[in-house]
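**Student:** Fold the following.
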Amino acid sequence: MGLEIRNLHVRTEDREILRGVNLKVEKGEVHALMGPNGSGKSTLANTIMGNPTYEVTEGQVLLNGEDLTEAEPDERARAGLFLAFQYPATIPGVSVANFLRMAVNAGRDEAIKIKDFGQLMRRNMELLRIDPEFSKRYLNEGFSGGEKKRAEILQLAMLKPQIAVLDETDSGLDIDALRIVSEGVNALQGPDMGTLIITHYTRILGYIRPEFVHIMLEGRIVREGGAELADELEDKGYDFVREQVEASGAA
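**Tutor:** Residues are numbered from 1 along each chain as shown. Coordinates of the predicted model:
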């Protein structure tokens, strides 16, 4: 069981962006969705989480067989979906610890005890090699790009979703930050969580090796394969994929 996207068509006010996307991500699997800028990758991520800017005109978003196409973002999060944003929001006046406690409690019937929360947060911060002082800072205020992404991976560790969507998590990271974030994601992998990594670079895939790779062009997934597909893309680029699609008449 996991995430299933069926024949998804999505538009904004002025244009159609997704034009029939089909994708399955089972728990325990790591998938990479790749494509050049403007291909529709982030639109898919935002649609999965219910961003109202994007209108679903056809198709479905399902989690464990439950249709979430019309669900609100908070309902999707409680159901087990998680999105690490490309550009995380800054929340002045709210510490990382307080934000995490509110997020954890939002998914529980009974609020977590402060002592239990503190122990859980310390374990995850140790796992991700995050300084304990980090939890006292206001969320993303004055954070570097790497610190913002580490804060998101810490949220991922605390919330333990069924499906994690990482939207260009590698964007703006230096090598050290990329390694730390990737090691954190790898440490959280297991049979209870599926991961969809959305990127247009292959460098993060050198640290988080996907089992399945999907290439998106102009709002459609046009090629699928294993990790070797990302290696081929690194060698030949997106123009090579475009030429293949045009030659097959699939465009």
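
**Student:** burial of Asp167, as a residue count?
**Tutor:** 23 (other C-beta atoms under 10 Å). In this view, the C-beta of every residue, glycine as well, is placed from N, C-alpha and C.

**Student:** Name the nearest residue to it, ignoring sequence neighbours.
**Tutor:** Ala45 (4.2 Å; C-beta to C-beta, 6 or more residues apart in numbering).

**Student:** and the gap between the one you found and Glu141?
**Tutor:** 24 Å (C-beta to C-beta, to the nearest Å).

**Student:** So which of these two has more stuff around it?
**Tutor:** Neighbours per residue (other C-beta under 10 Å) separate Ala45 from Glu141, with Ala45 holding more: 22 against 13.

**Student:** Give me the mean pLDDT for the host helix or strand of the more buried one.
**Tutor:** Per DSSP states H and E, Ala45 falls inside helix 41-48. Taken as a whole, helix 41-48 has a mean pLDDT of 94.

**Student:** ok now it, how far from the chain's centre?
**Tutor:** 9 Å (C-alpha atoms, centre = their mean, to the nearest Å).

**Student:** Which neighbouring elements make contact with it?
**Tutor:** strand 2-11, strand 16-26, strand 30-34, strand 55-63, strand 81-84, strand 163-167, strand 194-199 (3 or more C-beta pairs under 8 Å, 6 or more residues apart in numbering; DSSP states H and E).

**Student:** would you list every one of the helices in this protein?
**Tutor:** 41-48, 73-79, 96-106, 114-127, 145-159, 175-188, 227-248 (DSSP state H).

**Student:** Throw those into a markdown table and include distance to Gly59, thanks.
**Tutor:** Putting the helices of the chain into a markdown table (distance: least, C-beta to C-beta, whole Å) gives the following:
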| stretch | distance to Gly59 |
| --- | --- |
| helix 41-48 | 9 |
| helix 73-79 | 16 |
| helix 96-106 | 28 |
| helix 114-127 | 35 |
| helix 145-159 | 26 |
| helix 175-188 | 28 |
| helix 227-248 | 21 |
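
**Student:** ok, and which of these has the densest surroundings?
**Tutor:** helix 41-48 (a mean of 23; mean count of other C-beta atoms under 10 Å).

**Student:** Contacts for that helix, please.
**Tutor:** 3, 5, 8, 10, 17-18, 21, 23, 33-35, 53-54, 56, 61, 76, 81, 83, 86, 165, 167-168, 198-200, 216, 219 (C-beta atoms under 8 Å, 6 or more residues apart in numbering).

**Student:** show me what contacts Asp170?
**Tutor:** By C-beta under 8 Å, 6+ apart, the neighbours of Asp170 are Leu178, Val181, Thr199, Tyr201, Arg203, Ile204.

**Student:** Only the buried subset of the contacts of helix 41-48, as a PyMOL command please.
**Tutor:** Of the contacts of helix 41-48, the buried ones go into a single PyMOL selection, burial set by 16 or more other C-beta atoms under 10 Å:
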select buried, resi 3+5+8+10+17+18+21+23+33+34+35+54+56+61+76+81+83+86+165+167+168+198+199+200+216+219
